[in-house]
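In: mind folding the following:
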Amino acid sequence: MGTAKRERQKANKALREQELARKAARSRSTRIGALVIAAIVAVFVLVLIAGRFIDDDDSESLAPSFDRISVIDAADLTR
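Out: Prediction:
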(Lines give C-alpha, C1' and ligand atoms only; values in the text may rest on other atoms or scores of the structure.)
Protein backbone atom coordinates (compact mmCIF):
# COMPACT_ATOMS: atom_id res chain seq x y z
CA MET A 1 0.00 0.00 0.00
CA GLY A 2 1.42 3.35 -1.09
CA THR A 3 1.38 6.66 0.64
CA ALA A 4 -1.11 9.43 -0.09
CA LYS A 5 1.55 11.33 -2.03
CA ARG A 6 2.31 8.31 -4.23
CA GLU A 7 -1.42 7.78 -4.90
CA ARG A 8 -1.78 11.43 -5.98
CA GLN A 9 1.23 11.03 -8.28
CA LYS A 10 -0.29 7.93 -9.88
CA ALA A 11 -3.63 9.71 -10.34
CA ASN A 12 -1.97 12.77 -11.90
CA LYS A 13 0.10 10.57 -14.20
CA ALA A 14 -3.05 8.76 -15.33
CA LEU A 15 -4.77 12.10 -16.00
CA ARG A 16 -1.78 13.34 -18.03
CA GLU A 17 -1.76 10.14 -20.10
CA GLN A 18 -5.49 10.45 -20.76
CA GLU A 19 -5.08 14.06 -21.82
CA LEU A 20 -2.22 13.15 -24.16
CA ALA A 21 -4.33 10.37 -25.67
CA ARG A 22 -7.20 12.84 -26.24
CA LYS A 23 -4.86 15.36 -27.88
CA ALA A 24 -3.37 12.67 -30.12
CA ALA A 25 -6.83 11.53 -31.21
CA ARG A 26 -7.91 15.11 -31.89
CA SER A 27 -4.74 15.76 -33.87
CA ARG A 28 -5.23 12.58 -35.88
CA SER A 29 -8.85 13.40 -36.71
CA THR A 30 -7.91 16.98 -37.64
CA ARG A 31 -5.19 15.72 -39.96
CA ILE A 32 -7.52 13.21 -41.62
CA GLY A 33 -10.20 15.89 -42.04
CA ALA A 34 -7.69 18.25 -43.64
CA LEU A 35 -6.58 15.52 -46.05
CA VAL A 36 -10.16 14.73 -47.04
CA ILE A 37 -10.93 18.42 -47.66
CA ALA A 38 -7.71 18.82 -49.66
CA ALA A 39 -8.61 15.78 -51.78
CA ILE A 40 -12.09 17.15 -52.49
CA VAL A 41 -10.67 20.54 -53.48
CA ALA A 42 -8.05 18.87 -55.70
CA VAL A 43 -10.71 16.83 -57.53
CA PHE A 44 -12.83 19.96 -57.99
CA VAL A 45 -9.88 21.89 -59.43
CA LEU A 46 -9.01 19.03 -61.79
CA VAL A 47 -12.60 18.88 -63.04
CA LEU A 48 -12.58 22.64 -63.66
CA ILE A 49 -9.29 22.47 -65.55
CA ALA A 50 -10.43 19.49 -67.62
CA GLY A 51 -13.71 21.24 -68.37
CA ARG A 52 -11.90 24.28 -69.71
CA PHE A 53 -9.92 22.19 -72.17
CA ILE A 54 -12.79 19.96 -73.26
CA ASP A 55 -15.65 22.48 -73.63
CA ASP A 56 -13.81 25.23 -75.53
CA ASP A 57 -13.24 23.24 -78.74
CA ASP A 58 -16.49 24.34 -80.43
CA SER A 59 -14.77 25.93 -83.44
CA GLU A 60 -12.72 22.89 -84.34
CA SER A 61 -14.58 19.62 -84.61
CA LEU A 62 -12.87 16.27 -84.67
CA ALA A 63 -15.85 14.52 -86.24
CA PRO A 64 -16.05 14.48 -90.05
CA SER A 65 -18.41 16.93 -91.64
CA PHE A 66 -21.11 15.09 -93.59
CA ASP A 67 -22.07 18.07 -95.73
CA ARG A 68 -18.76 17.81 -97.62
CA ILE A 69 -19.20 14.15 -98.57
CA SER A 70 -20.62 13.73 -102.05
CA VAL A 71 -22.92 10.87 -102.83
CA ILE A 72 -21.93 8.80 -105.85
CA ASP A 73 -24.81 7.69 -108.01
CA ALA A 74 -24.91 4.03 -109.00
CA ALA A 75 -25.21 5.07 -112.65
CA ASP A 76 -21.85 6.85 -112.42
CA LEU A 77 -20.16 3.64 -111.28
CA THR A 78 -21.19 1.70 -114.41
CA ARG A 79 -19.58 4.15 -116.82
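
In: what's the weakest-modelled helix or strand in the chain?
Out: Averaged element by element with mean pLDDT, DSSP states H and E, the chain has its least confident helix or strand at helix 74-78 (a mean of 63).

In: so where is the chain shaky, pLDDT-wise?
Out: Confidence mapping of the chain against pLDDT under 70 gives the ranges 1, 55-79.

In: which residues in it form helices?
Out: 4-55, 74-78 (DSSP state H).

In: TSV for those helices, including mean neighbour count?
Out: From N, CA and C alone the C-beta is placed, and that goes for glycine too. Below are these laid out as TSV (neighbours: other Cβ atoms under 10 Å):
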stretch	mean neighbour count
helix 4-55	10
helix 74-78	7
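
In: please tell me how far Glu19 sits from Arg6.
Out: With distances defined as Cβ to Cβ, to the nearest Å, the gap from Glu19 to Arg6 amounts to 20 Å.

In: what's the answer for Thr30, then?
Out: The value you get for Thr30 to Arg6, if Cβ to Cβ is used, is 36 Å.

In: and what of Val45?
Out: Separation of Val45 from Arg6 (Cβ to Cβ): 58 Å.

In: over to Ala21?
Out: The gap separating Ala21 from Arg6 is 23 Å, by Cβ to Cβ.

In: what does Ala14 give?
Out: 13 Å.

In: could you do Leu20 as well?
Out: Where Arg6 is concerned, Leu20 sits at a distance of 21 Å (Cβ to Cβ).

In: before we move on, what about Ile40?
Out: 51 Å.
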